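here is a sequence with its predicted model. Questions after.
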Amino acid sequence: MKRKNIKACCTLFATVFMTLAGVQAQDKVDSVIYLSAPSPKKDSLVNVAFKKIARRDLLGGVSTVNVPDLLKKSYGVYSLDNLQALVGGYTGNVWGQSALVLVDGIPRRASDVRLVEIESITVLKGASAVVLYGSGASKGAILITTKRGSVKPLTIDVRANTGLYIPKAYPNYLNAADYMTYYNEALTNDGIAISGPGYSQEVIDNTRAGTNPFKYPDVDFFSSEYLKKAYSKSDVTTEISGGNEDAQYYTNVGLTYNNSLLKYGEQAKNNDFGLNIRGNVDIKITKWLSASTDAVAIVSNSYVGRGNFWGATSTIAPNFNRFSPLIPISMLDPNNKQLQTIVNTSNHIIDGKYLLGGQSTNQTNVFSDMLAAGYIKNRNRTFMYNLSAKADLAAILEGLSFKTTNSMDYTSVYSEGYLLGYRTYKPTWSTVNGQELITALESFGEDKNSTNEFVGRSMYIQTMSFKSQFDYERTFAKDHNLTATLMGWWYKTQFSSDIDNDGGSDYQPILNTNLGFQLGYNYRRKYYADFSSALIHSAKLPPGKRNALSPTLTLGWQIGDEGFVKDNLSFVDNLKLSTSYALINQDLDVTGFRANSSDPADYYLYQGYYSNTSGLGGWYPWRDGAAGGFTTVSGQGDNMNLTFVKRKEFRISLEGALFNNLIGFDANYFSQTTDGLLARGTTIYPSYFAGSGDFRPWLNYNKERRSGLDFSVNLNKKIGELQYSLGITGMFYNSEVLRRDENPEQSYLARTGKPLDAYFGYISEGLFQNQAEIDNHARQTFGNVKPGDIKYQDINSDGIIDGRDQVDLGHTGWAASPFSMGLNLTLKWKNLTFFAMGSGSWGAIGFKNSSYYWVGGTTKYSDVVLGRWTESTANTATYPRLTTNSNNNFRNSTYWMYKINRFDLNRVQFTYDFNDNIFKNSFMHRLSVYVQGDNLLVISKERKLMETNIGSAPQTRFFNLGVKTSF
């Protein structure tokens with residue numbers, strides 16, 4: 001492993017050295033990729049699977065973004081930054097499914113590349129567009145292409161940013177006195193005496209008065225004692241590029257740093273640091289042979305003090321579970337030598353004023369952890385390298401070329417920890433000479449000493465890939481254009497880790513192997529036909545079932561070039577219709593319930609097995625009753641006919657431009673059926689197959705459908721010195737379960753025929769107002785029901801409320817909401833540019849079921865309990881009665897349901913580009929200054945809920961000042 005790392009580092013430094021020394025590289029993407037329909041004067045090239053093609057020749061299901069143009073008006077860091085506002089059909093996934101991300105044609109994480117390194121992003125949505133990638137991209141693909149050098153003098157671009165993150169909102173929790181008051185009410189409602197677990201009125205009054213905050217604590221986690229008003233982030237990026245006809249180069253070096261909101265204890269030092277280095281070099285070796293090499297190193301360090309502060313904000317009551325986290329030394333009895341000895345020998349005197357507080361049931365706590373337990377340093381190291389060669393084989397056959405690429409990526413993650421044990425104390429308070437003092441301390445735990453750090457976590461990810469392809473492109477008799485590709489692609493990702501932190505190493509790698517073939521023909525670039533296919537291989541399947549062919553057929557028609565359009569519809573500048581049908585075989589969904597298990601039985605699902613583990617075999621005693629053992633029984637049956645899951649898709653697309661390119665549009669209707677999803681055959685095999693042991697095999701049984709319409713519309717116009725562009729993207733989306741392995745008691749409980757994201761819950765009929773209502777209603781089986789509890793509708797009229805009374809309440813939108821939309825607006829006047837983008841979704845539902853709303857036990861009470869039901873508030877109550885254990889109330893139902901309809905203003909940016917004439921006689925060529933705000937606004941009826949995080953760091957608005965210059 002060390003040898004591999006040494007070789008990798010040497011390769012990286014050699015590449016960067018060549019770059020900085022002025023070695024100059026191959027052809028960069030000689031294209032401009034538009035968000036809207038391009039001008040017919042320039043037909044740009046678009047990155048698609050394994051090649052680049054002219055935009056005019058795209059046959060639907062593909063969207064592209066020109067990132068350098070975008071960065072001129074909208075600065076971002078993350079590679080897929082706000083992509084949903086620019087690409088129709090993308091909502092964090094593609095057409096409702098998780099897409100494969102490829103960086104320069106290699107499967108990589110989107111976080112491995114920053115937006116400033118990228119030339120273009122291509123979203124491949126249709127099955128015909130992704131088929132050449134085989135199974136790995138069967139749910140869509142996102143192609144990220146990085147920048148390359150070009151034939152030009154040495155150019156240095158520098159960009160620097162600094163900004164502030166300002167929290168949007170914090171949860172509103174009751175103070176300690178109110179919490180204790182309402183907790184007492186919950187106990188009374190449950191028939192539990194307050195004298196036991198409750199609080200006396202004296203304690204409540206003293207707490208409210210602030211008599212002695214160390215004896216009667218009232219902790220506000222969101223106060224300025226623990227949190228800053230904002231925290232900062234800064235980054236700087238330097239890009240060096242250039243080249244001549246024989247070689248071109250591009251280098252990107254970036255640094256980023258940010259701190260955090262916390263200002264208490266060791267977490268006041270929390271920070272993140274990142275270093276990114278990229279070198280891309282292209283070389284023309286001979287007239288017919290060229291090569292390119294890319295090397296990337298990413299170093300990421302973070303420092304985090306111990307203690308789960310944000311988790312504690314939603315769980316620890318404001319009276320800090322009846323003790324103070326700090327004990328003031330000034331309030332110790334000065335005449336008690338034993339107490340003074342404790343102070344003198346303690347390893348943890350906080351600010352010279354306090355000992356650490358605790359009690360027998362809470363011997364450690366979050367604040368003591370932050371003050372005394374130590375820290376964790378997380379280290380993330382990533383190295384990525386790829387080497388390509390391309391040969392022009394026109395000497396053998398005109399139009400023939402060959403290209404091959406191999407890559408090796410390594411990611412190593414580990415942590416260096418420092419952990420100290422500490423002692424906490426529970427005080428005994430007494431009144432001495434009229435003054436409250438601590439007269440005794442009960443200790444818990446032990447003060448430890450250590451000067452050693454240790455490795456607390458280690459993880460390693462390795463990805464290798466290889467591809468080779470023959471490409472053929474030729475025009476016959478000026479009108480007949482033919483393209484063909486024959487290729488092979490393979491990649492493997494292996495994960496390994498220590499078993500205590502990340503579950504241990506995967507027994508099987510993530511693997512993709514396929515051959516691909518593409519044959520395309522067009523006549524005068526007007527009539528198109530394309531046949532693409534992949535021959536895929538999967539070791540997950542039984543012998544004889546491991547190979548499958550995935551064919552696609554696409555037809556296209558440039559309607560706008562027809563005479564009847566040109567002669568009669570002069571406002572039509574471009575109009576293209578395309579349609580495709582595809583069948584993709586994939587093994588991504590050939591997986592059991594334990595998808596990340598290291599057990600081979602969870603990989604080779606076609607293979608039956610026997611086991612005597614405690615989770616499977618029954619335990620039987622010997623005859624003497626003194627001992628026994630587990631029996632060996634079947635855990636799974638064989639299925640030697642298990643095969644690939646199939647994606648069958650029909651798509652039709654329409655793209656065009658109107659009124660001298662004033663309006664550009666692109667729309668795709670898709671209907672895809674996923675057939676052969678795995679099931680255990682619960683309804684197919686007799687029940688005794690799963691009696692003692694389990695003889696049921698995995699079957700290709702379940703079936704689903706996803707359909708929808710994605711679209712993008714762009715309006716571009718210039719009025720005098722004002723240029724404006726408005727882009728609207730969106731998608732109407734629906735899904736349906738066509739077949740499911742289920743046997744519901746009632747037809748309305750069936751998932752078949754319902755959307756994939758349908759959520760089943762109860763219909764609320766309000767709150768019970770009195771015992772008579774309870775007695776006259778169907779019996780609810782969720783615990784002891786009292787007035788003030790939620791009343792549920794008896795769906796099947798059997799007089800009992802149980803799981804059979806759940807119905808489909810609506811879409812949860814976990815894949816995509818029924819309707820999603822994005823907007824982007826550009827206004828440019830002289831040297832000033834205004835840009836704004838936003839995105840929204842409509843038609844899905846959510847539930848107010850976090851600990852902020854579902855208050856129970858001794859946990860925190862939020863302000864929602866102020867509207868709780870009592871006999872005096874029965875007509876106005878907005879919350880059920882208070883209780884310490886509400887099995888009945890805390891169930892997803894229409895009582896807690898809300899609509900997730902929202903529109904987010906994601907970014908606003910003003911950019912001023914200084915006139916180039918200013919820098920005529922300067923070493924500086926260009927200068928731009930910009931200010932931006934991110935995550936500025938949520939427009940929704942439930943805005944407060946949507947902007948408030950519970951048990952985690954708050955959502956923030958980001959305000960940034962940036963400058964970009966060239967030398």
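Cool, the structure landed.

so what's Leu387 up against?
Leu387 is in contact with Ala291, Ser292, Thr293, Thr405, Asn406, Ser407, counting by C-beta atoms under 8 Å, 6 or more residues apart in numbering. (Glycine included, C-beta is placed from N, CA and C.)

output the residues you listed as CSV; include the columns secondary structure and pLDDT.
Converted to CSV, the contacts of Leu387 look like this (DSSP: H, G, I helix; E, B strand; the rest coil; pLDDT from 0 to 100):
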residue, secondary structure, pLDDT
Ala291, strand, 97
Ser292, strand, 97
Thr293, strand, 97
Thr405, strand, 97
Asn406, strand, 97
Ser407, strand, 97
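
pick the one among those closest to Ser725.
The closest of the contacts of Leu387 to Ser725 turns out to be Ser292 (C-beta to C-beta; 33.8 Å).

beta partners for the closest one?
Applying DSSP bridges to Ser292 yields these beta-bridge partners: Asp282, Ser388.

hang on, it packs against Gly279?
No: taking C-beta atoms under 8 Å as the contact criterion, Ser292 and Gly279 are not neighbours in contact, 11.0 Å apart.

between these two, tell me which one has more neighbours.
In this view Ser292 and Gly279 are compared by other C-beta atoms under 10 Å, and Gly279 has more residues nearby, 27 against 23.

ramachandran angles for Thr188?
In terms of degrees, to the nearest 10, the main-chain angles of Thr188 are phi -60, psi -40.

helix, strand, or coil at Phe835?
When states are read from DSSP: H, G, I helix; E, B strand; the rest coil, the local structure at Phe835 comes out as strand.

right, and the helix or strand after the lowest-mean-pLDDT helix or strand in the chain?
Across the helices and strands of the chain, the lowest-confidence element by mean pLDDT, DSSP states H and E is helix 2-20, at a mean of 40. Towards the C-terminus, the helix or strand next in line after helix 2-20, according to DSSP states H and E, is strand 45-48.

tell me which other helices or strands that next one touches.
The elements that strand 45-48 packs onto, with contact taken as 3 or more C-beta pairs under 8 Å, 6 or more residues apart in numbering; DSSP states H and E, are strand 51-54, strand 62-66, strand 118-124, strand 141-146.

mean confidence for it?
If you average the pLDDT over strand 45-48, you get 93.

now the helices and strands packed on strand 45-48 as CSV including mean pLDDT, mean neighbour count and distance to His925?
As requested, the helices and strands packed on strand 45-48 are exported to CSV (pLDDT from 0 to 100; neighbours: other C-beta atoms under 10 Å; distance: least, C-beta to C-beta, whole Å):
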stretch, mean pLDDT, mean neighbour count, distance to His925
strand 51-54, 94, 16, 29
strand 62-66, 96, 23, 21
strand 118-124, 97, 24, 20
strand 141-146, 97, 24, 23
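
for the contacts of Leu387, give me CSV that also has distance to Gly445.
Compiled in CSV, those are given as follows (distance: C-beta to C-beta, whole Å):
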residue, distance to Gly445
Ala291, 63
Ser292, 59
Thr293, 56
Thr405, 57
Asn406, 55
Ser407, 51
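
show the buried residues in the residues you listed.
A residue is treated as buried here by neighbour count (16 or more other C-beta atoms under 10 Å); on that basis the buried members of those are Ala291, Ser292, Thr293, Thr405, Asn406, Ser407.

return the residues in contact with the residue nearest to the fourth one when sequence neighbours are not counted.
This points to Thr405. Spatial nearest neighbour of Thr405, excluding adjacent residues (C-beta to C-beta, 6 or more residues apart in numbering): Ser388 at 4.2 Å. If a contact means C-beta under 8 Å, 6+ apart, then Ser388 has Ala291, Ser292, Thr293, Lys403, Thr404, Thr405 as its contacts.
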